[in-house]
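Undergrad: Sequence first, then the predicted structure:
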Amino acid sequence: MAVVTLKVPDILDRQLRYVAEKRGASKSAVIRLAVERFLRQDIDTEDLPSAYDLLKAEVGSVKGPVDLSCNPHHLAGYGK
């Protein structure tokens, strides 16, 4: 995990400490949650890569039957 150092005003630190104690969490955990929520709001989902985009370099890299999903021979005993 990367380490990020930041400076906050005293009032923000007190608020952060209060929320952390109330949740029984560390200040770092509260900051991570706040940053994740902020970024989730700020990122347009159309800009995010699809599952295919993330894995396309791996597509076709595994050896095996090409018709695994539709060949009854390969599905024998599935779900039992």
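TA: Here it is on my side, so go on.
Undergrad: I'd like the distance between the spatially most central residue of the chain and A20.
TA: By C-alpha atoms, centre = their mean, the chain has its centre lying nearest to E36, at 9.5 Å. Using C-beta to C-beta, to the nearest Å, we find E36 at a distance of 16 Å from A20. Any C-beta I mention is one placed from the backbone N, CA and C, and that applies to glycine too.
Undergrad: try V4
TA: Distance, V4 to A20, by C-beta to C-beta: 17 Å.
Undergrad: Kindly report the same for P72.
TA: Taken as C-beta to C-beta, the span from P72 to A20 is 56 Å.
Undergrad: These two: which has the busier surroundings?
TA: A direct count of neighbours by other C-beta atoms under 10 Å for P72 and A20 places A20 higher, at 16 against 7.
Undergrad: where exactly do the helices run in this protein?
TA: Here the chain has its helices, by DSSP state H, at 10-23, 27-42, 51-55, 72-75.
Undergrad: List the contacts of the third one.
TA: Contacting residues not belonging to helix 51-55 are listed as V59 [C-beta atoms under 8 Å, 6 or more residues apart in numbering].
Undergrad: now it: how far from the chain's centre is it?
TA: Put simply, helix 51-55 sits 14 Å off its chain's centre (C-alpha atoms, centre = their mean, to the nearest Å).
Undergrad: so where's the protein shaky on pLDDT?
TA: Applying pLDDT under 70 to the chain flags residues 44-45, 65.
Undergrad: Quick check: the gap between E21 and V30.
TA: Where V30 is concerned, E21 sits at a distance of 10 Å (C-beta to C-beta).
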